[in-house]
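[1] got a structure for you, letters missing:
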């Protein structure tokens with residue numbers, strides 16, 4: 001039968017902690033809940049004000065959040081709470097290939113940008129661009145994904161209009177809200193074919209060995225036309241400003257872009273979408289998504305290429321803000337506000353997984369349950385503020401004594417739990433003794449003009465020596481700590497035996 005971890009005990013009368021301490025803990029919880037509510041409000045403001053759909057999901061495919069645009073963009077299952085929907089299993093995403101792309105994003109921890117057609121809304125076939133971005137946690141593991149969805153149908157309609165007639169194409173080209181530039185790459189394509197006939201096979205190596213060829217090749221590409229949106233994107237006041245020189249960016253950016261364009265033509269990857277940074281005529285840096293399409297009838301010569309540029313600077317800013325907010329939300333939810341250590345919620349979530357991993361990999365896991373001896377006297381003599389500062393400094397002492405994957409947990413008041421993955425009982429006892437020594441030989445509250453020394457009592461339990469259950473492991477370490485306390489404090493005990 002599992003024993004429950006004990007509550008903090010008053011040293012004088014052996015009764016539970018008084019109402020003042022309980023009220024302090026409640027006030028801390030209230031402050032934490034307020035901060036979490038503010039973070040959630042900022043997330044909602046950022047998400048619902050965005051002009052594109054946003055949803056988040058965990059590594060199992062369950063939706064964990066969505067904005068207003070995402071609710072209206074898709075035909076979601078009627079009568080079902082979206083927070084219970086699994087995007088891996090939803091037939092609309094599975095049939096369009098969205099589910100597999102999202103799984104790859106979460107598995108590899110890399111962003112995925114894809115356009116998926118035939119997403120049905122009110123009987124219409126849409127072209128939707130999905131920008132899937134992993135959310136990386138503090139332990140450098142993928143914890144969830146943020147997905148931005150944009151209606152890309154207008155670009156498909158533009159390409160179809162180009163094929164239907166040149167007149168309609170020109171009208172659309174100049175009136176389109178998307179930045180477009182038409183270019184003639186026929187001379188470059190002919191030059192590349194001539195080089196290939198001369199025996200050039202690997203153009204990556206060729207350009208590395210002949211960097212001067214990059215500028216020469218780029219000059220072979222002629223600009224035919226560009227629209228008003230393109231001028232606005234580059235902060236141009238009139239067409240003459242852009243006719244003199246295309247401001248693709250700083251010299252290094254231009255060199256990289258030029259090399260990329262040459263390889264794109266050489267490897268016949270014209271239609272591939274790319275994300276790049278440009279610098280406008282006013283020196284502003286912008287992030288854009290670019291995609292080139294050959295005008296119908298010019299696929300072989302590339303004499304007419306239409307390049308579309310979509311400014312995603314705002315979206316990238318919103319994405320980073322959301323990612324930052326999500327990381328901060330997780331930190332607030334899983335960390336103690338006073339010490340910065342992990343809290344009990346994280347301990348209860350993580351410990352069963354560590355036990356399961358230990359079973360699979362046949363490795364040991366140890367726990368150290370500890371608290372400070374006679375800490376109430378420090379509070380009585382120096383006050384609660386100094387008491388809190390002392391706990392914070394002790395937490396730092398413990399944290400500095402550990403190396404990943406070990407971690408410390410602020411359990412309650414002056415109580416701490418140290419989790420030691422891949423650590424057997426003998427190693428755990430050595431670590432407990434080291435932590436006890438570090439605390440005992442440190443001076444605390446020096447910044448407050450005080451010199452306070454502290455001692456700690458510790459209890460150790462290990463998997464699989466003592467138990468194979470996470471709850472029991474924590475309870476047994478607590479019992480070992482109680483043994484240390486009952487035998488004079490300032491020592492280390494292992495579950496079932498007092499050692500020192």
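    Looks like it arrived, so ask away. Just so it is clear, the model here is predicted, and its values are computed rather than measured.
[2] ok, the nearest residue to residue 389 once chain neighbours are set aside - contacts?
    The shortest distance from residue 389 to any non-neighbouring residue, by CB to CB, 6 or more residues apart in numbering, is to residue 445 (6.2 Å). To be clear about C-beta, it is placed using only N, CA and C from the backbone, and glycine gets the same treatment. Listed by CB atoms under 8 Å, 6 or more residues apart in numbering, the contact set of residue 445 reads 382, 386, 389-390, 393, 451-452.
[3] and the gap between residue 445 and residue 377?
    Separation of residue 445 from residue 377 (CB to CB, to the nearest Å): 13 Å.
[4] Against which helices or strands is the lengthiest strand in the chain packed?
    Longest strand of the chain, by residue count under DSSP state E: strand 124-136. Judged by 3 or more CB pairs under 8 Å, 6 or more residues apart in numbering; DSSP states H and E, strand 124-136 is in contact with helix 98-108, strand 112-121, strand 142-151, helix 153-164, helix 313-334.
[5] Now do the helix or strand that comes right after the longest one: distance to the chain's middle.
    Spelled out, that is helix 313-334. Moving toward the C-terminus from helix 313-334, the next helix or strand (DSSP states H and E) is helix 344-361. Averaged C-alpha coordinates place helix 344-361 at 22 Å from its chain's average position (CA atoms, centre = their mean, to the nearest Å).
[6] In helix 344-361, which residues are buried?
    Across helix 344-361, burial judged by 16 or more other CB atoms under 10 Å covers 344, 346-347, 350-351, 354-355, 358.
[7] Please find the angle between the direction vectors of it and helix 313-334.
    90 degrees (axes from the mean of the first three to the mean of the last three CA atoms, to 10 degrees).
[8] how is this structure carved up into domains?
    Using automatic domain parsing, the domain parsing of the chain gives 50-151, 155-315, 335-498.
[9] Residue 327 is nearest to which of those?
    The closest of the domains of the chain to residue 327 is domain 50-151. By CB to CB, the value is 7.3 Å.
[10] how far does that closest one stretch from start to finish?
    Counting by CA to CA, to the nearest Å, you get 13 Å between the two ends of domain 50-151.
[11] Stretch 299-311 now?
    End-to-end distance of stretch 299-311 (CA to CA): 26 Å.
[12] does residue 419 count as helix, strand or coil?
    Under DSSP: H, G, I helix; E, B strand; the rest coil, residue 419 falls in the strand class.
[13] what's the burial count for it?
    Summarising burial for residue 419: neighbours were counted as other CB atoms under 10 Å, giving 23.
[14] Okay, it and residue 194: tell me how far apart.
    Distance from residue 419 to residue 194, by CB to CB: 66 Å.
[15] do the same with residue 339
    Residue 339 is 69 Å from residue 194, where distance means CB to CB.
[16] more crowded one of those two?
    Set side by side, residue 339 and residue 194 show more neighbours around residue 339, with 21 against 10, by other CB under 10 Å.
[17] I'd guessed the more buried one sits against residue 392; true?
    Yes - assessed by CB atoms under 8 Å, residue 339 is found in contact with residue 392 at 5.4 Å.
[18] which residues touch the nearest residue to residue 400 once chain neighbours are set aside?
    Distances taken as CB to CB, 6+ apart put residue 438 closest to residue 400, at 7.6 Å, once the chain neighbours are dropped. Applying CB under 8 Å, 6+ apart to residue 438 gives the contacts 397-398, 400-401.
[19] Report the contact partners of residue 354.
    By CB under 8 Å, 6+ apart, the contact list for residue 354 reads 365, 419, 421, 470.
[20] Local confidence estimate at the residue lying closest to the third one once chain neighbours are set aside?
    The shortest distance from residue 421 to any residue that is not its chain neighbour, by CB to CB, 6+ apart, is 4.7 Å, and that residue is residue 405. Looking at residue 405, its pLDDT reads 93.
[21] What is the burial count for residue 405?
    When neighbours are counted by other CB under 10 Å, residue 405 comes out with 12.
[22] surely it meets residue 423?
    No - in this structure, residue 405 is not within contact of residue 423 by CB under 8 Å, at 9.3 Å.
[23] Mind checking what helix or strand follows the helix or strand that residue 195 is a member of in sequence?
    If you go by DSSP H and E, residue 195 is part of helix 186-197. Following helix 186-197 in sequence order, the next helix or strand is helix 203-209 (DSSP H and E).
[24] Could I get the buried residue list for that following helix?
    203, 206-207.
[25] Next: stretch 309-324.
    Neighbour-count burial for stretch 309-324 [16+ other CB under 10 Å]: 309-312, 315-316, 318-319, 322.
[26] from the chain's centre, how far out does that stretch sit?
    Between the centre of stretch 309-324 and the centre of its chain there are 14 Å (CA atoms, centre = their mean).
[27] can I assume residue 485 sits in a helix?
    Yes - if the criterion is three-state DSSP, then residue 485 is within a helix.
[28] beta partners for the nearest residue to it once chain neighbours are set aside?
    Closest residue in space to residue 485, ignoring its immediate chain neighbours: residue 457 at 5.3 Å, by CB to CB, 6+ apart. Per DSSP bridges, the residues bridged to residue 457 are residue 371.
[29] Same check on the one 5 residues further on?
    Using DSSP bridges, the beta-bridge partners of residue 462 come out as residue 366.
[30] Give me the neighbour count for it.
    25.
[31] hang on, it packs against residue 366?
    Yes - the pair residue 462 / residue 366 is scored as a contact, 4.3 Å apart, by CB under 8 Å.
[32] The nearest residue to residue 431 once chain neighbours are set aside: neighbour count?
    With sequence-adjacent residues excluded and distances taken as CB to CB, 6+ apart, residue 431 is closest to residue 420, at 6.2 Å. Around residue 420 there are 22 other residues, counting by other CB under 10 Å.
[33] hey, what's residue 420 bridged with?
    Under DSSP bridges, the beta-bridge partners of residue 420 are residue 366.
[34] Mind jotting down where the strands sit in the stretch 351-500 of the chain?
    Taking DSSP state E, counting those that start in this stretch as the criterion, the stretch 351-500 of the chain carries its strands at 365-372, 407-412, 415-421, 456-463, 492-494, 497-498.
[35] Buried ones among the contacts of residue 445?
    382, 386, 389-390, 393, 452.
[36] Relative to residue 28, which of the residues you listed is nearest.
    Nearest to residue 28, judged by CB to CB, of those is residue 389 at 14.7 Å.
[37] I figured the closest one hits residue 448, correct?
    Yes - counting by CB under 8 Å, residue 389 does reach residue 448; the two are 6.7 Å apart.
[38] Same list (the buried residues of helix 344-361) but as CSV, adding pLDDT.
    What follows is those, written out as CSV (pLDDT from 0 to 100):
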residue, pLDDT
344, 92
346, 91
347, 93
350, 91
351, 92
354, 90
355, 88
358, 77
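[39] Looking at the domains of the chain, which is nearest to residue 27?
    For residue 27, the closest of those is domain 335-498, at 10.9 Å, according to CB to CB.
[40] and the closest one, how far out from the chain's middle?
    30 Å.
[41] give me the low-pLDDT residue ranges for the stretch 1-150 of the chain?
    Along the stretch 1-150 of the chain, the parts satisfying pLDDT under 70 run over 1-22, 25, 32, 34-48, 118-125.
[42] go again using 80 as the cut-off
    Regions of the stretch 1-150 of the chain meeting the criterion pLDDT under 80 cover residues 1-51, 72-76, 78-80, 84, 117-126, 138-139.
[43] First residue to last residue on stretch 365-379, what's the distance there?
    Distance across stretch 365-379, first residue to last, is 34 Å (CA to CA).
[44] ranges for the helices of the stretch 151-300 of the chain?
    153-164, 166-175, 186-197, 203-209, 212-218, 228-233, 239-244, 251-266 (DSSP state H, counting those that start in this stretch).
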